[in-house]
Each structure stands twice: as structure tokens, then as C-alpha cells.
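Engineer: Got a sequence here, can you model it:
(2 chains)
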2 protein chains.
Amino acid sequence: MTTRPDALGPEQPRVVIVGGGFGGLEAAKALARADAEVVLFDRHNHHLFQPLLYQIATAALSPANIAAPIRKILARQKNCEVIMSEVTDVDLEGRTVTVTDQRYAYDYLVLAAGARTNYFGHDAWSELAPGLKNISEAIDVRSRFLLAFEQAEIETDEEARRAALTFAIVGAGPTGVELAGAMAEISRQTLRADFRHIDTSTVRVILIDALDRVLSTFTPELSDRARRDLEQLGVEVVLSTRVVDVQPGTLIVDTPEGEERIEAANVFWAAGVRGVRLGETLGAELDRSGRVIVADDLTIPGRAEVFVVGDLACRIDPQTEEPVPGVAQGAIQMGRFVGKTIAAEVRALSRGRQAPKRGVFVYRDKGSMATIGRNRAIADIHGLRFGGYFAFLAWAFIHVLFLIGFRRRLMVMLEWMWSYLTFSRGVRLITGEDQVPKPVRPPPDPRLLDRGT
Amino acid sequence: MTTRPDALGPEQPRVVIVGGGFGGLEAAKALARADAEVVLFDRHNHHLFQPLLYQIATAALSPANIAAPIRKILARQKNCEVIMSEVTDVDLEGRTVTVTDQRYAYDYLVLAAGARTNYFGHDAWSELAPGLKNISEAIDVRSRFLLAFEQAEIETDEEARRAALTFAIVGAGPTGVELAGAMAEISRQTLRADFRHIDTSTVRVILIDALDRVLSTFTPELSDRARRDLEQLGVEVVLSTRVVDVQPGTLIVDTPEGEERIEAANVFWAAGVRGVRLGETLGAELDRSGRVIVADDLTIPGRAEVFVVGDLACRIDPQTEEPVPGVAQGAIQMGRFVGKTIAAEVRALSRGRQAPKRGVFVYRDKGSMATIGRNRAIADIHGLRFGGYFAFLAWAFIHVLFLIGFRRRLMVMLEWMWSYLTFSRGVRLITGEDQVPKPVRPPPDPRLLDRGT
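Structural biologist: Residues are numbered from 1 along each chain as shown, chains lettered A, B, ... in the order given. As a prediction, the model looks like this:
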């Protein structure tokens, strides 16, 4: 800890926070009463409640239901300013970050910039198999999902129509499971009466994972239950299967029985995340997922003033020897820990005292949950494991609770109740320019020719 | 009326409707019980309640609040199918429309494809001065509007900051007036506490019109009242002024005192509409705004089976000698008239009777309204002219009423009540890729340099 600021200059120390997700926001809030200048950078103007992002992708919620302007959240915190800009580089030696080609000095740095979709070295797949990390991507997934039905409705080639109505979701973690469940449900229920030439209940939703069970962070029993729930919804669960290549309209997979082709016009990628590029610029050690390996106090080696929290951090819990999971609770707890650490240090140093000895971050697992369509979920809360309708209600309650602001909680609750009672989806919009379906193969279909000829 | 089908073939007649706005939807619904095959084409999957589009642009509502899937609206109408596709051409002789390079036969054609933004021959301006005709454009306007404040917050050059905080709105019809009022209000109230380096109440909102009053379709008294309301909100109303050129950061205008420059980094275009391109392919006579001139029965000359309704139609009222205004009521009444006309004709012909003589379309003016920020509006209903708070309430009530579906009505009402009570805006999201503000002129600002150097 050689570089820890043992004394601060005459000015207020400046704490630069990169990222306005759960980790960054909590760090900023924990510094609310600190005698420090807090500057939070984010390249988006909004905090996003990522656990519900799949609900934008599946037309259940609008972006505004789960996103809030960062500067509004922090408006009353007078020692904090928010800058919408992208931090592209960190100069550890000079203690500056690079922001739109300029350097910006810090005394403490909190990196909370999160994760991006992991294509495991095949970034070119992102065009054909979009991920789900921000609002734009969620709207893209929604448009592709809804457009597939429009496409199938005018498609006259049976094979092309089948492919248009096949959705492959790669990765059976919470996001993949939630996407698959919702897509199966919408196909079989919501859209059923709205088309004339296709039977939307024949849609294939295929959920693929390289491991031998879904939701592998849960117990095998809960994984089994989730798989059964998914299959009841009509999802085909394909396990122990690795994606080898993504081609237009086709997925090449490696199964225990050998290589196979899946004809699917729509592929969505939920197979994992890795740390954002900024983590690579630190020169610190990264884990296999590109996350920065941090010490007990969540700093990087030799840089006591540089903290990494949330999805960008790889913190190995000293008790379990497992990394802290990349979930909201992990980021919240890390952010709060770092904010408090810095606040205590600034207080001591500003009074001429020695900085207190830093604590050791310990993650408190508050439990985890995943939902599988309406009425079903699984939960594991302090060893209390359950599924079914009660888990679904608990899931909905907790997710509403963690939204920012009463307005969002109320609106999401109303939207959910409405959808639940009517089986409808409130946000069935295809947006973006020139999103018009075209039949893949021009058809010899009487519907599309002059009549009488 | 030489081409009116005096007898139909053995098959059900096919009515092709182009456009799922108010006109197209009403025509389809009026044909619900007709013994005809109704096919509605739209290049979007949703019907859009355009009168509230400016509320998306000003972060008050989400797109889903005012847009509904067309195929869901018509799901129960068994004789109707919806195809999401763009009709690019009409072959009047062959009685077909061209859809994604294929021809599609019709017996009756209803063109309800609407209008686009009118740049009066300067289409290149659209990049710098976006219009407001669909969801994508509204989200673009919203992003530009919100981004301007983010830009100004990090801008260090005073002149550039001033320009970033200047919004010019061209066209003082309802859309321009509503945009200007909302933008002034948001600047002065909603955003006030959220920035550290700018005073958002110093924002300039400039509303420009070539005519000598705002809302020129209302009486001069109501126009005056609206102008005073706007000025009280802080809008600068610049009349008798024509835009000569739109350049990056600058608007060149021709005023009664000569040519002037307005330094505004943000320009929005609400100066008028013209018929969509499809209208030009008919070979029929168009008015100056590119609208198709229609006969008493809303057909084009010599083509009794081709109707044009809504914003694409120029129908001169025989009594007032004025064109039917391009408002929702105009489209609704025209659509319904045409649907009924076709239904009656199909019924008669299918029973071997002669088609009834066609009626004459008469527009019934139900009144018009425009809102100017919170609490203020003007209304002219059957000669009853009023403004102020009561007009505002009437405006809100009627607009909620005309939304499609109880869910949308409820949600919009709640969002409005919330915004009204809290002065907040629920949808302050900047979305789209790489929307990061950059200072125009790299600054000699200590905030952005290393400290101590």
C-alpha cells in the first residue's frame, strides 16, 4: 500500500467514480457527507436496473420504467457532480483519467464501469447474435423478436418461415432463462390471436448452454426444477452444448453426439460477460473474464487509491474462495464499502490524523432468484430453497422494491398486474429506421400475385 | 367514375388499405362486417397517436404510452389482415400495389399513408433540424434536447455553452408551440437542481414562424393569448420570420428588418408537412403540399375504386372552400366515410343490385385545441373560444380519451398527474449508440486539467 495518500493537499480531495450502475451510485452516496469533491462519470445519462433489462427486450416494460437519470438521483448531494462522458484510459502514475482526449485528476479512483457481453473471442458474432447489456441492445432484441413474427407472416417458403419462428438463446444463466421463458410465453399466449397465416404456438424457443444444467449458480435441485418449468412453457433446453459458429440463419453447435446445425433466424446471446475495456488499461492482473483482480480492500496491487467494484472486479471471497457473484448485491456492497473506506480516510487525514487501517470486504449473500415466465421462479435465500408461485411473488416484490423512485415502482407494478391479468404486453413496438420485413425467398404465393393470372 | 366496379368477380372483393393511422384504421373498422377481404399495410407495426408525439420528444411519455400494435387493434376483425410492409407504388391500370418488389392486387384501394416533414425543398436540413413524425424521430429530438444540457455542463467556452443552451423551433403550429412550451418549462423547472455548472433557467427557447402569429388556424385573439402564454413561460416568439438556411450551430433567418443569424446548436423543425412520396406515384393532381386532390367521394379523378384519406388527401370542403385540416378528426371522418362507402357498395354488388349512389364527404369540425405548457391551453369548439386552466384540463381529458386501450389511458393519466405534481419528467433518457457530448472547443478549464500543474 505504498501509494496510499498519507497526507492530502490543501484542497478537497477529489474522488472520481467511473460508472453510474449500482456500484458507482452506492460509492457516491456513501461519500455524501465526506469533505471531498465527488465526480461521477458515465457514458449514459441514466442508471439502468439491469436485472429487468430482459423485460424491455420482451416488450413488458418501457426503458423509462427501469432507468433513471443519474444526475437526478444525485441532484441533492451537493458535493457530487455528474459528467456524461466516457473515461477511456487511466494514468495510474499521474493519477488522472482520460475523458474525451483530456486528463482529469483524481486523489481516489473508483472504477465501477461494469461488464460487456462476452463472445469468447468471436466479437463478429455480435451482429448476428445481439447481447443484452444496455437499453439500445434491449430495444434491438425486442425489434428482432417482434419482427420475426411479421417476417413469418408474409413468408411463403415453409422452411424460411420455420427458421423465422425459431429463436435460439445462448446461455442459460438468469438472463437466458428469463428471455427464453418470456419469449415462449409471448408466442403461445400474447400473440396467438393476432396473426392470420402462422400459428404462433408452433414457435421454437431453444435455450442452449455448454454446462449440463441451467442456472448453474443455483443448486442442482433448483436447476432441475427450472428446467422442468422451462420445458412446460415449451422451451427446448439443450445442455452440454457449445456454440461453434454463428452464421446467418444457422447456429453450429457441438453436442455430446457431435456437431449439429440449428436453423434459427434469430439468435440472442446471454452466454456471459467480461469486464469492460477500461479494465485492460490498468495493467493490473485480470481473471479469465477480463475482470480486475482486487485485494481485500478492493484496490489493485500497489495502488491504494484505486478501487474496482461491481462487475468489473474479481474479488475472491477469503472464506468461500469463490468470486463475489456479478449481481446487483455484489456491486452495491462493494460500492458502499469503498465509499465508506474513502470517507473515513478523508475525514482522518483532513484532521491531521493517520488514516485508519482499512477493512476487509466480505460479501453477504442475501440470496438469489430467477424467474421463469409467469407464476414460476426459483429462489435460494440463506439456504431456504423454493420455487413456484410463491417464489414468483417474492421475485416480483423484491425487484419492484429495488427500482429507483416511487413512480417507477408504481408503474412497473401496474404494468405487471395488467400483463398478468390480460396476458398482453404493453410495449410491442418495432422501432428504428427501415425495420420492414422482407420475405427471404420471393414466393410463388397467390396472395402476393395479381389475382386472376 | 368510369372505373367503378359495376360488378365484382366470384371471389370476395379485396380492399387494400395503406397506412394504419387514424384514417386507415377507421376505414378498416367500418368494413368489419363487409363481405370483403381487408388487407392493411403499414411499414410500422404500430398505430401512433401523433398529437402526443411531442410528449415523447420532451421526456414526458414513453413511446408505448401512445403507440399500439396495429394487428392487436384489429385482431378480432376476422375479415382483416395486417401486413407490416411498405407500399412503394400503385399501378392504377392493373389495380395492384407494389410491396417489397411484388405486386398485390386490389379491388378497392384506400391510401391513408399520411404526411412527412416538409422542408420546402431543403431536405438536407433534416440532419440538422429533425422533424417529428414518428417514434424514432421523437426519440432523436429527446436525445438532442437532453444532450444539449450535458454538453453545456462540460462546455467551458462561454459562447459554445450559450449556443448549446439555445433551442430554435421552426414553425409555430400546434407541434411547434407544444414543443417550445414544454422545453421552456423543463429547462426552468425540471432540470434546475440537477446541474452544477449551468443555470438551466437561462436557456433560450426561440419559436420562429413565417406568419405574423402563432397557431394561425385559430382566431387572432386565441393566437395572441397563446403567444402571451408562451412568453410567460420564457419562450421568445419570433414572427414574420422565414428560415433561409440551416447551418451547424446557426440558423439564418429573414426578418422584416433583414437577414439575421441565430446561434443555436439545436434546431427542431415543425414548420409543416407534405404528403408522403406514394402520393406522387399516382399521377393524380397534387396540391402545393403534395397532398392528393380528391373528389366529393374522396376518390381520385377517373378512379372510383381509389380513395385517399387523412393527411395525404386534399379535400376542399364545398361549403367553406377550405381544405379539411390535417388533424386526427379529419382522418377519422374520412376513413369512416370511405369504409362505409365501400361496405355499402360491396353489399349491393354481391346481391346483384346496382351500387348505391355515392355520398359527398362533409367534414364536421369538432373543434380544435392546443396546449402551452402546464396549466395553459387554447380551445375553439363550435365557436366557443377559451383558454387557461380549464382549456388545459379539457385538452388533457380529450387526449387521454382518444388513446387506444384502457391501459394506455390509465398510464398516461398517471404519468401526467405525477409530472404535474412533482414537476418531474419520467423519461429523461438519452439512448442510441455513442451519444456522448464533447466540448466544442477544448477548454483552458482548471476542472479538466491536472490539478497542481
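Engineer: pLDDT weak spots in chain A?
Structural biologist: A:1-10, A:433-434, A:439-453 (pLDDT under 70).
Engineer: Just give me the longest helix of it.
Structural biologist: helix A:328-350 (DSSP state H).
Engineer: Tell me the buried residues in it?
Structural biologist: Of the residues in helix A:328-350, A:328-347, A:349 count as buried by neighbour count, 16 or more other Cβ atoms under 10 Å in any protein chain shown. Backbone N, C-alpha and C define where each C-beta goes, glycine included.
Engineer: which strands and helices sit next to it?
Structural biologist: When contacts are defined as 3 or more Cβ pairs under 8 Å, 6 or more residues apart in numbering or on different chains; DSSP states H and E, helix A:328-350 packs onto helix A:22-30, strand A:108-111, strand A:303-308.
Engineer: For chain A, which segments count as helices?
Structural biologist: Using DSSP H, helices in chain A cover A:22-30, A:53-57, A:63-66, A:70-73, A:135-154, A:158-164, A:174-185, A:220-232, A:328-350, A:388-401, A:406-422.
Engineer: And the contacts of the second one?
Structural biologist: By Cβ atoms under 8 Å, 6 or more residues apart in numbering or on different chains, the list of residues contacting helix A:53-57 from outside reads A:61-63, A:65-66, A:132-135, A:138-139, A:141-142, A:145, A:175, A:178-179, A:182, A:268, A:427.
Engineer: Go again with 6 Å.
Structural biologist: Contact with helix A:53-57 is made by A:61, A:63, A:132, A:138, A:141-142, A:175, A:178-179, as judged by Cβ atoms under 6 Å, 6 or more residues apart in numbering or on different chains.
Engineer: could you dump those to JSON lines with distance to chain B?
Structural biologist: JSON lines is the format used below for these (distance: Cβ to the nearest Cβ, whole Å):
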{"residue": "A:Leu61", "distance to chain B": "9"}
{"residue": "A:Pro63", "distance to chain B": "6"}
{"residue": "A:Leu132", "distance to chain B": "15"}
{"residue": "A:Ala138", "distance to chain B": "10"}
{"residue": "A:Val141", "distance to chain B": "14"}
{"residue": "A:Arg142", "distance to chain B": "11"}
{"residue": "A:Thr175", "distance to chain B": "20"}
{"residue": "A:Glu178", "distance to chain B": "20"}
{"residue": "A:Leu179", "distance to chain B": "19"}
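Engineer: Name the member of the residues you listed that has the highest neighbour count.
Structural biologist: In terms of neighbours by other Cβ atoms under 10 Å in any protein chain shown, the contacts of helix A:53-57 top out with A:Leu61 at 28 neighbours.
Engineer: Backbone dihedrals for it, please?
Structural biologist: Dihedral angles of A:Leu61 (phi, psi; degrees, to the nearest 10) stand at phi -130, psi 160.
Engineer: next one: A:Phe361
Structural biologist: The phi/psi pair for A:Phe361 (degrees, to the nearest 10) is phi -70, psi 130.
Engineer: related to what we said a few turns ago, between the helices of chain A, which one is nearest to B:Thr202?
Structural biologist: helix A:70-73 (17.7 Å; Cβ to Cβ).
Engineer: will you turn the helices and strands packed on helix A:328-350 into CSV that also has mean neighbour count and distance to chain B?
Structural biologist: Below are the helices and strands packed on helix A:328-350 laid out as CSV (neighbours: other Cβ atoms under 10 Å in any protein chain shown; distance: least, Cβ to the nearest Cβ, whole Å):
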stretch, mean neighbour count, distance to chain B
helix A:22-30, 26, 14
strand A:108-111, 29, 13
strand A:303-308, 25, 14
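Engineer: can I get those in TSV with distance to A:Trp416?
Structural biologist: Output for these, formatted as TSV (distance: least, Cβ to Cβ, whole Å):
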stretch	distance to A:Trp416
helix A:22-30	22
strand A:108-111	34
strand A:303-308	35
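Engineer: Could you tell me how far stretch A:113-123 lies from the centre of the chain?
Structural biologist: 11 Å (Cα atoms, centre = their mean, to the nearest Å).
Engineer: Stretch A:386-404 now?
Structural biologist: Centre to centre, stretch against its chain (Cα atoms, centre = their mean), the figure for stretch A:386-404 is 18 Å.
Engineer: quick one: buried residues of it?
Structural biologist: A:387, A:391-392, A:394-396, A:399-400, A:403-404.
Engineer: now swap in stretch A:122-130 and tell me
Structural biologist: A:125, A:128-130.
Engineer: Can you get me the start-to-end distance on stretch A:362-375?
Structural biologist: 34 Å (Cα to Cα, to the nearest Å).
Engineer: For it, which outside residues touch it?
Structural biologist: A:174, A:177-178, A:181, A:185, A:215, A:226, A:229-230, A:233, A:317, A:324, A:329, A:333, A:377-381, A:389, A:392, A:395.
Engineer: what do you get for stretch A:241-256?
Structural biologist: A:125, A:128-129, A:163, A:168, A:170, A:208, A:210, A:240, A:260-265, A:267.
Engineer: go on, stretch A:102-113?
Structural biologist: A:13-19, A:23-24, A:27, A:95-97, A:276, A:278, A:305-310, A:312, A:338, A:342, B:448, B:450-451.
Engineer: circling back to that earlier point, would you turn the buried residues of stretch A:386-404 into TSV with distance to chain B?
Structural biologist: Shown next, in TSV, are these (distance: Cβ to the nearest Cβ, whole Å):
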residue	distance to chain B
A:Gly387	30
A:Ala391	27
A:Phe392	22
A:Ala394	26
A:Trp395	23
A:Ala396	18
A:His399	19
A:Val400	16
A:Leu403	12
A:Ile404	12
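Engineer: Just flag the most distant two among these.
Structural biologist: Longest span within those, Cβ to Cβ: A:Gly387 and A:Ile404, 28.5 Å.
Engineer: which residues touch A:Ala394?
Structural biologist: Here A:Ala394 is in contact with A:Ala379 (Cβ under 6 Å, 6+ apart).
Engineer: rerun that using 10 Å as the cut-off
Structural biologist: Counting by Cβ atoms under 10 Å, 6 or more residues apart in numbering or on different chains, A:Ala394 touches A:367, A:369, A:371, A:377, A:379, A:381, A:386.
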